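Peer 1: predicted coordinates and the sequence they were generated for:
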Amino acid sequence: MDENLAAIWLTLRLAATVTLVLLLVGTPIAWWLARTRVWFKGAIAAIVALPLVLPPTVLGFYLLLTMGPNGPIGALTQSFGIGLLPFTFWGLVIASCFYSLPFVVQPLQNAFEAIGERPFEVAATLRAGPWDRFASVALPLAKPGFITAAILGFAHTVGEFGVVLMIGGNIPGVTRVVSVQLYDHVEALDYGQAHWLSGALLLFSFVVLFSLYTFNRHASSSVGPRV
Amino acid sequence: MARDTGLPIGAQFTHCYDEFVLDVDLALPAKGVTVLYGQSGSGKTTLLRCLAGLMHAPGGTLSIGGDQWQGDEVFVPTHKRPIGYVFQEPSLFEHLTVEGNLSYAQKRIDLADFSRSVLSSKEVIELLGIENLLQRKPNQLSGGEKQRVSIARALFSQPELLLMDEPLASLDTQRKREILPYLERLRHELEIPIIYVTHSIDELSRLADWVVVLDKGRVVADGSLADVLTALDSPLQLDDAGVVLETTILAREAQWALLRVGFSGGELLLADNGRAEGETLRVRVDARDVSLTLSQHTDTSILNVLPATVIEISACLSQGAVLVKLCLDHQSTAAFDESKVMDEQSKASRDSGEMLLSRITRRSADYLELAVGSQVWAQIKSVAVLR
C-alpha cells in the first residue's frame, strides 16, 4: 500500500511539473503558431502534433537515444556534470513534456486564433504596445484555453505508460509512476492492489473530463476551444 | 510628398493591396469633420487604416500638424499615434466591464496629456449618455449602447485626431437615430479634427465640414461641403443633388408656427421645431425642391422665394433634366451673426456667395431662356432641418 501511495505522489509531482513547464514553453509556441504566416508553419505544427499519433514507445526510444551517453543531449548533460537523464525524475519530466506537448499547445493555439485580429487593433489604437497587448488582451481572452490546456496536459501526463517505461524504467520513488505500478501488480497477479489503483485512475480521469466539459459549457461565449 | 496647401493634415499613399490600388494625395483641415465618402470598395476604410497605422503603405507620407507619422525613414506604430479609432463593429473588450473598457484607455496615456484634454472623463460619459451602463459587461448592452461606449473609449485616450469608420453602419435605423445626435454634439464640443468614413449621404449632410469623395481608391472630389455639393460635375450629383446651409434662428413667428432663419444668402421660413432664437440650424435644400421663375411671384403659396443669378447649367442629366447652379444675390443681413457658424473653409466659399442647386427639365430651361448670368427667383418648396 505504501508503494501505491509513493507511486501516486510521484505521478502527481511529475504531472504538476510537466504542466507548469509546458504552459511556459507551450504559450509562446502556440502564440507563434496562431499568428505566423511563414511557409514552414505547417511543418512546425505537424512536429508539435506528432505525439498524438506516434506510439509512445517510438518517442521513448528516440528520446532514450538522444539523452543516452552517445546522444547529443546526453553529451551535453554530461559535459555540464549533470550526468545522464534516462532513469531519473528529470529525464521523465523532459520525456513527458514532449509526449504531452500537443495537448497543451493545441487548446492554446485555438484560443489565440479565436480572438482574431480586431481586439489587438483596438488595443493598439488605445496606446497598448505589443507586450502590453499580449498581457492585457491575449492572456485574459484566452483564459478558457489555458484552463483546458492545463487540465489536458496534467491528465495526459498522469496516464502515460510507454514513454515512462522506455525512459524511466521502474525505480521505486524515482520513476515508478501509477501506470507502471499497476503493470507490476498485474504481473505479480496481485489483482486486489491492481483493482485499487485502476479504480482510482478511472475515477480521476472521469472527474477531470467531467469538470472540463462542465467548465467548457459555462465558459463565456465562443472563446474557449472545444475538446 | 503631400501637396502643400497650408492645410495641416497631409496624407499621400500609393499602394497596391492584391487587386486594389489606393492612390491618394490629400490635404485636410485640422478642425471640424472631414467625411470620407464613397461606395463600398472605394478605399475609404483602407485610407483610414493607413492614417491610423493599422496598415502600412510603404512609400507613403503622413504628417499631422508638425508631426511626421510616416515618411521615408519613419513609421510611427499605431500605439504611439495620439489617435482615437472607432471601428465599424463596436469591438469592446468582452472580458472587461464598460468601466474597465474606459479605464483601459485612460491608464495608457501620459498624465501630461490630461492637461491638454478637451473633455474630462465625466464630460465624455455625460456627452454619450452612458452613466448607467458603467458596471455592465459588453454582452449586456444593445448595439447602439456598445457603439456609444466605443466612442467614449476612443475619447478617453485623449486623441488629437479622431478616426471613425462607419460607426453607424452596423446599426439599424432606430439605433442610427439614437446615436446621430451624440455624434453631432461631439462635433460641436470637440476641438480636434474628426475623420469620418461613411457611404450615407444623410450622415455626410449632417456631419461634414469638409468632404473627400473616393472611388476605386482614388479621390474624385474634395473640398468644403458647400463646394463639393454644388460642383455640377461632382459624383454626388445623381438623384440626391442639393445643398446644405448653415443658418441662425433670427426670430420666432409664433402666430404662424414658423421660424425665421438667416444665412449669408438671405432668410428662410421654416416650420417651428422648438429651437431657441440664436441657435444654429443646419438645413438641406434638395435641388428637386427648387423651381425657378423669371419674375417675382407674390401670388404663390411658396414661402421661400430668393433672388439669384444663374452661374452654371449642367449638361443634360437623365430623364431630360438639368441642374442649375445659382448664386444667391442677397448679402449678409446685419442680424446674421456670422461668427457663430464660420470657419475658414466655409468663409471662403461664402465670399463667393451662397449657392443653391435647382433641378428642372431641359424644356423649362430652354423655355425660360436660362443662361449664365440670368436673373431668376428661386422658389424653395421644402427645407429639411438636419440638426
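Peer 2: On my side now, so go ahead.

Peer 1: how near is residue A:89 to residue A:73?
Peer 2: Distance of residue A:89 to residue A:73, computed by Cβ to Cβ, to the nearest Å: 16 Å. Heads up, the C-betas are built off the backbone N, CA and C, glycines and all.

Peer 1: and the helices in the chain?
Peer 2: Defaulting to chain A. A:2-35, A:41-53, A:56-67, A:72-79, A:89-115, A:118-125, A:130-133, A:139-141, A:143-158, A:162-167, A:178-187, A:191-218 (DSSP state H).

Peer 1: actually, chain B is the one I wanted.
Peer 2: Applying DSSP H to chain B gives helices spanning B:44-52, B:98-107, B:112-116, B:121-127, B:143-156, B:173-189, B:201-207, B:225-230, B:344-351, B:362-367.

Peer 1: tell me which of those helices sits nearest to chain A.
Peer 2: Nearest to chain A among these is helix B:98-107 (4.6 Å), distances taken as Cβ to the nearest Cβ.

Peer 1: and the closest one, which residues are buried?
Peer 2: Using 16 or more other Cβ atoms under 10 Å in any protein chain shown as the test for burial, helix B:98-107 gives B:98, B:101, B:102, B:104, B:105.

Peer 1: for the first one, give its distance to residue B:144.
Peer 2: Just to be clear, that refers to residue B:98. According to Cβ to Cβ, residue B:98 and residue B:144 sit 14 Å apart.

Peer 1: got it, and the third one?
Peer 2: Here the criterion is Cβ to Cβ. By it, residue B:102 lies 17 Å from residue B:144.

Peer 1: cool, the second one as well?
Peer 2: Using Cβ to Cβ, one gets 16 Å for the distance from residue B:101 to residue B:144.

Peer 1: low-confidence regions, the chain specifically.
Peer 2: You didn't say which chain, so I picked chain A. Residue ranges of chain A with pLDDT under 70: A:1, A:219-227.

Peer 1: my bad, the chain I had in mind was chain B
Peer 2: Where chain B drops to pLDDT under 70, the residues are B:1-7, B:111-118, B:232-239, B:316-317, B:330-352.

Peer 1: flag every residue of it that's near chain A.
Peer 2: Neighbours of chain A within chain B, by Cβ under 8 Å from any Cβ of the partner chain: B:52-54, B:77-80, B:83-85, B:87, B:89, B:91, B:93-95, B:104-105, B:108-109, B:139, B:153-154, B:157.

Peer 1: just the buried members of the residues you listed?
Peer 2: Among the residues of chain B next to chain A, those classed as buried by 16+ other Cβ under 10 Å are B:52-54, B:78-79, B:83-85, B:87, B:91, B:93-95, B:104-105, B:108-109, B:153-154, B:157.

Peer 1: out of those residues, which are inside strands?
Peer 2: Using DSSP state E, B:83, B:84, B:85 are the members of these that sit in strands.

Peer 1: just the closest of those to chain A, please.
Peer 2: residue B:85 (3.9 Å).

Peer 1: thought the closest one was touching residue A:127?
Peer 2: No: Residue B:85 lies out of contact with residue A:127 (Cβ atoms under 8 Å); the separation is 11.1 Å.

Peer 1: burial count for the residue lying closest to residue B:204 once chain neighbours are set aside?
Peer 2: Leaving aside its sequence neighbours, residue B:204 sits nearest to residue B:35 (Cβ to Cβ, 6 or more residues apart in numbering or on different chains; 4.9 Å). Using other Cβ atoms under 10 Å in any protein chain shown, residue B:35 has 26 neighbouring residues.

Peer 1: tell me the contacts of residue B:364?
Peer 2: residue B:292 (Cβ atoms under 8 Å, 6 or more residues apart in numbering or on different chains).

Peer 1: quick revisit: okay, the helices of chain A in a markdown table with mean neighbour count and distance to chain B next?
Peer 2: Shown next, in a markdown table, are the helices of chain A (neighbours: other Cβ atoms under 10 Å in any protein chain shown; distance: least, Cβ to the nearest Cβ, whole Å):
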| stretch | mean neighbour count | distance to chain B |
| --- | --- | --- |
| helix A:2-35 | 18 | 16 |
| helix A:41-53 | 13 | 21 |
| helix A:56-67 | 18 | 37 |
| helix A:72-79 | 14 | 40 |
| helix A:89-115 | 23 | 10 |
| helix A:118-125 | 21 | 4 |
| helix A:130-133 | 14 | 7 |
| helix A:139-141 | 17 | 5 |
| helix A:143-158 | 23 | 8 |
| helix A:162-167 | 22 | 37 |
| helix A:178-187 | 18 | 37 |
| helix A:191-218 | 13 | 14 |
